[in-house]
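Colleague: Here is a sequence with its predicted model. Questions after.
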Amino acid sequence: MTTELQQGTPVRYWPGFRDGASKLGRLRSGVATIGGTEGYYVTGAGFISAGHIEPLPINGGVIEVATGREALEVCAWDGVTDVVVTDNAERIQLQKLMKGLR
């Protein structure tokens, strides 16, 4: 990771292999080094290698996530006023769901 992330930064992280399932969380610490490996402490996960963390920037209160499940997870986070789902298939499903609720 080229830039050091700050405590509280929203992130996507992979607790196992990077190509496996990812989770969302916030950093509990700045960069730390354990056994020569740089990483961060993430809420609900413990220490995660820096190479298994990707920041999720909140731009003007808007955060982008990949799925509807993730959107429901982050909508209550501090500083988040709107959520954008980047997966077009999920977006269509959410639009149909929202239309059905009206």
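Modeller: Cool, got the structure.
Colleague: Determine the number of other residues adjacent to the residue nearest to Val42 when sequence neighbours are not counted.
Modeller: Leaving aside its sequence neighbours, Val42 sits nearest to Gly25 (CB to CB, 6 or more residues apart in numbering; 4.4 Å). (C-beta placed from N, C-alpha, C; glycine too.) The burial count assigned to Gly25 is 21, neighbours taken as other CB atoms under 10 Å.
Colleague: residues touching Gly25, list them.
Modeller: Applying CB atoms under 8 Å, 6 or more residues apart in numbering, we find Gly25 in contact with 10-11, 13, 42-45.
Colleague: what comes up buried for stretch 17-24?
Modeller: In terms of neighbour count (16 or more other CB atoms under 10 Å), stretch 17-24 has its buried residues at 22, 24.
Colleague: repeat for stretch 24-35
Modeller: Under the neighbour-count criterion of 16+ other CB under 10 Å, stretch 24-35 has 24-28 buried.
Colleague: what separates it from the chain centre, distance-wise?
Modeller: Averaging C-alpha positions (CA atoms, centre = their mean, to the nearest Å) puts stretch 24-35 14 Å from its chain's average.
Colleague: Endpoint to endpoint, that stretch covers what distance?
Modeller: Start-to-end span of stretch 24-35 (CA to CA, to the nearest Å) is 25 Å.
Colleague: which of the contacts of Gly25 lies closest to Leu72?
Modeller: Checking the contacts of Gly25 against Leu72 by CB to CB gives Pro10 as the nearest, at 14.7 Å.
Colleague: who's that closest one bridged to?
Modeller: Assessed by DSSP bridges, Pro10 has beta-bridge partners Arg26.
Colleague: what's around it, how many residues?
Modeller: Neighbours of Pro10 under the rule other CB under 10 Å: 21.
Colleague: returning to what we had before: which of the contacts of Gly25 are buried? Put it as a PyMOL command.
Modeller: Per 16+ other CB under 10 Å, the buried members of the contacts of Gly25 correspond to this PyMOL selection:
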select buried, resi 10+11+13+42+45
